[in-house]
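Enquirer: Take this sequence and fold it.
(2 chains)
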Amino acid sequence: MHIVVCVKQVPDTKIIKINPKTNTLDRRSAPAILNPYDAHAVQEAVKIKEKTGGTISVLSMGPPQATAVIKKSIEIGADRGYLISDRAFAGADTLATSYALSKALERINKELQVDMVICGKHAIDGDTGQVGPGIARRMDIPPVTNVIEVSEVNLKENTVLIKRKLTNGYELIQSELPCLLTVEKEINDIEYSPMTNMIQAARYEPVIWAVSDLENVERTQLGLKGSPTIVGKMFTPPRPEGGKRLEGSADGQVGQLMEVLKEKKDLFTLQSSK
Amino acid sequence: MSEKFDVIVVGAGPAGTSCALTCAKNGLNVLLIERGEYPGAKNVMGGVLYRKQMEELVPEFWKEAPLERPVIEQRFWMMDKESVVQFGYKGLEWAVEPYNNFTVLRAQFDQWFAKKAVEAGALLINETVVTECIVENGKVVGVRTDRPDGEVYADVVVLADGVNSLLSKQLGFHKEFRPDEVALTVMEVINLPKEKINDRFNLEDNQGCTIEIFGDSTKGNLGTAFVYTNKESLNIGVGTTLSSMIKAKIKPYELLDYLKTHPMVKPMIAGGESAEYLAHLIPEGGYRSVPKVAGNGVIVVGDAAQLVNAIHREGSNMAMSSGKMAAEAVVQAHSRGDFSESSLNSYREALNSSFIMKDLEKYKDAAHTFEKYPQYFNEYVPMMNKAMSKFFTVDGTPKREKQKQIMKSVTSERGTIRVLQDIYRAWKAVK
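Expert: Residues are numbered from 1 along each chain as shown, chains lettered A, B, ... in the order given. This is a model prediction of the structure:
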C-alpha cells in the first residue's frame, strides 16, 4: 500500500503578528511549522501502514526551507519525501497549488502506484480546505473530507471504510481505492516518535523537483498566473469591547437596558443592501 | 538494532555545538541531541559573545551569524540609591572588523551555530531528553533518551547538558551544587526602537554598549546587573548567588523590578515593551567547583563542567573552547582506538594549560571573599558615591580640604585598619 500525504509549511498562527501598516502577515514574527492537521494526516498514514504494510511518501510545495516539514514528517514515520520548489510555483492560490501538486503526484504514481492520498482538513494560514478536494478532482479519485476515523482498509476488495464528521453526528461510508482523505485533528493523537525515526529524519535529504522535472505541465496554470483568486484586504478584527455591567435598583437597571436596546436598535433590524 | 556513533554530544549550546562541529570537521560520526524545540530555545545568557574563541570555530563568523551589535563601549557603574559612579571605555577600533565582542540573542545565535555543525556533517536531533548515560563494565557506552527505542550508542559521550548537569551527577562526577556555587540571573528583553537606543546610548546603528552595574543594583548583595544593547531591544538583567538571595530573603523577580524602577536605570528603558522574560542558573563556583571532567568513555564541557569566570562575565567563550578541546581529545582517542579515562584525560590537560583553568585559578578566592565580606558591595559603593558627590559639589571648600574630609569619612566609617585589611583582601583575591 502506497500512501502519499500532502503537507504544508505554515507560520505558527498562534503567534504570528499582522503588520498594521501593510495589513500583511509578518512571517518573521512566527516560526514556520508543519501544518498541525497535516501532522495528523501523516500520523494516520503511519497507523494504516502498521496494519497493511507498504510505503508512506510525503509531498509538499514551497521554498527550499520547506524541507523542514518533510523531515518532521519522517520523524512521525513517513518513508520518503518530495518537495516541488520553483519560482514558477510562487504566488499560487488553491487552484494553482492543487494543479501543481497533482502533477507531482502523477510522477510519484509512475514511480510507485499510489493507493491513497491524505491531506489535513485545511492549512491554518488560509483555512480554505480546497487543495485536498482540488487534487482529488484532478486525479479523478473520490475526495472524502472531514475524516475522523479510518475504520478498515480492505486491500483484497480495494476498499476503505471511513467515518466522516458531520455537524449533527457522523457518517460511515465506504470508498474504493485510490481515494483522497482530508482529516480532522481528532482522528488520532500524534505519537512521540521513536529514536530511530529521529535519526532517520536528521539524515534524510528530501527529493526536490523543479517544474522541469514534472511532465505535461501547462505553465499558465502555475503560480500567480494560474491563480484567479485576488486577496482584496487583510485586517485584524477589532478586539471585542467587553460587556458593560448595569448597576442600581432593578427598575433602574431595566430602564438603562431599554436605553441601550433603543440605542442599538440597528442590530435588530434587517439591513437592506444599498 | 540501536545505532552506534563515534560521538554523542548531549546539549546544543555553545559547548556542545563547538564539540560537535569540531568532531564532524575531523570526519567523526556525530550525533548532537538537544532537549529544546530547537537549539537556543532553552538557552539563556546576558548576551555578550566573544569574538576570539568563536572565530577559531567559524572564521569570520560576523559576516553571516545573527549578531545584534558589535560592542564598542563597556561601562561600569557603582550604583547607590540615587547616584552612580561610572567609568568605562569606548573605542572605535572595536567598531571595525574583526571587532572585539558582540551582543547576541541566544535563541537566534544558537540555532545558526548548530546549523554550522549540521553543515559539517553532525546529525542534530531536537526535542529529545537524554535521561541517563548507559554504563557497561564501568564505561559509558551510550545514552538513554526519553523516546521509544531511545537507546543510542557511541565510543564517547560528551556531556554539554548545562549548569545542573544531571548526567555527570548521575555518574558521580559532582554532588548537588551548593547555593553559593550558583548564581540565579533573571533578565528581560525589552523592545525599543533603534533610534531611541542610538540616542540614549550615544551610538550609531552598528555599535553596541554594555553596562555592568554593581552595588544597589543587587541591593548590596554579591552579584551584578547589566544592560546590553541589541539592534532593536535591550537585555536587562540581574543576578546574585543563590545563597545571597536565600540569606537576604529576596526573590529574583523583585530584584529585577527594583532594578527597572531604579532612578538611574528607569529612563534608559522607558517606553520599552517587554518581549521576553528569562531566568537561568549560572555556575559561579569557579576553580574549586570544577568537577571531574573525563571518565571512561565520557567528557564534560561548558557550564556542565562549571567553566565560568564570573568576575569577567565570561562563560560562552569558555564553553566553546572547552568543547573544541574536548573534540580534539576525542579525535586523538579515536585515532588511538582508546576511549579510557587515561586516554581522554588529554582534555583535562588541555583545559589546565589553557586560559580557562588559569583564569579560574586566578580568581579562585574572589567569589568566596566577596561573599564572606559583603562590605565591598554594601558599604564601599555608597562610600564612593558620597565621595564623588562631595568632591564635585562646588561649595567654596578648597579641594585639598575636600580630599581630607573624604578620606576621613571613609576611615571613620570603617576604621583605618579595617580599610587597609579590606584593600589587601580584595587585592589578594584578584591578583
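Enquirer: where along the stretch 1-150 of chain A do the strands fall?
Expert: A:2-6, A:9-11, A:17-18, A:25-26, A:32-34, A:55-61, A:80-84, A:116-120, A:143-154 (DSSP state E, counting those that start in this stretch).
Enquirer: which one of those has the lowest average pLDDT?
Expert: When mean pLDDT is averaged over each of these, strand A:25-26 scores lowest at a mean of 72.
Enquirer: Do that one and chain B come into contact?
Expert: No. Legend: contact between strand A:25-26 and chain B by Cβ under 8 Å from any Cβ of the partner chain is lacking; minimum distance shown is 13.7 Å. (C-beta placed from N, C-alpha, C; glycine too.)
Enquirer: what does that strand contact?
Expert: Outside of strand A:25-26, the residues within contact range by Cβ atoms under 8 Å, 6 or more residues apart in numbering or on different chains are A:P11, A:I16, A:K17, A:I18, A:N19, A:D125, A:M234.
Enquirer: could you flag which of those are buried?
Expert: Members of the contacts of strand A:25-26 that pass the buried threshold by neighbour count (16 or more other Cβ atoms under 10 Å in any protein chain shown) are listed as A:P11, A:I16, A:D125.
Enquirer: Neighbours of residue 94, how many?
Expert: The chain I'm using is chain A. A:T94 sits with 19 neighbouring residues when counted by other Cβ atoms under 10 Å in any protein chain shown.
Enquirer: could you do chain B instead?
Expert: Other residues near B:W94 come to 20 when the count uses other Cβ under 10 Å.
Enquirer: Spit out the contact partners of it.
Expert: Contacts for B:W94 (Cβ under 8 Å, 6+ apart) come out as B:P70, B:V71, B:I72, B:N100, B:N101.
Enquirer: quick revisit: point out the most buried one among the strands of the stretch 1-150 of chain A.
Expert: A comparison of the strands of the stretch 1-150 of chain A by mean neighbour count, using mean count of other Cβ atoms under 10 Å in any protein chain shown, puts strand A:116-120 on top with a mean of 29.
Enquirer: How far off centre is it?
Expert: Averaging C-alpha coordinates over strand A:116-120 and over its chain gives two centres that are 10 Å apart (Cα atoms, centre = their mean, to the nearest Å).
Enquirer: Can you name every helix or strand that it contacts?
Expert: Using 3 or more Cβ pairs under 8 Å, 6 or more residues apart in numbering or on different chains; DSSP states H and E, the elements in contact with strand A:116-120 are strand A:2-6, helix A:36-52, helix A:131-139, strand A:179-183.
Enquirer: if we can go back for a sec, tell me which of the contacts of B:W94 fall in strands.
Expert: The strands in this structure, assigned by DSSP state E, contain B:V71, B:I72, B:N101 from the contacts of B:W94.
Enquirer: Please check those residues and keep the buried ones.
Expert: Using 16+ other Cβ under 10 Å, the buried members of the ones in strands among the contacts of B:W94 are B:V71, B:I72, B:N101.
Enquirer: Tell me if I'm right that the last one and B:Q53 touch.
Expert: No. B:N101 is not in contact with B:Q53 according to Cβ atoms under 8 Å; the separation is 10.3 Å.
Enquirer: what residue ranges in the stretch 1-150 of chain B score low on pLDDT?
Expert: Residues of the stretch 1-150 of chain B that meet the criterion pLDDT under 70 lie in B:1.
Enquirer: now the strands for it?
Expert: Under the criterion DSSP E, counting those that start in this stretch, the stretch 1-150 of chain B carries strands at the ranges B:4-10, B:30-33, B:48-50, B:71-79, B:84-90, B:101-103, B:123-125, B:130-136, B:139-145.
Enquirer: wait, which of those strands is closest to chain A?
Expert: Proximity to chain A, assessed across those by Cβ to the nearest Cβ, is greatest for strand B:123-125 (4.2 Å).
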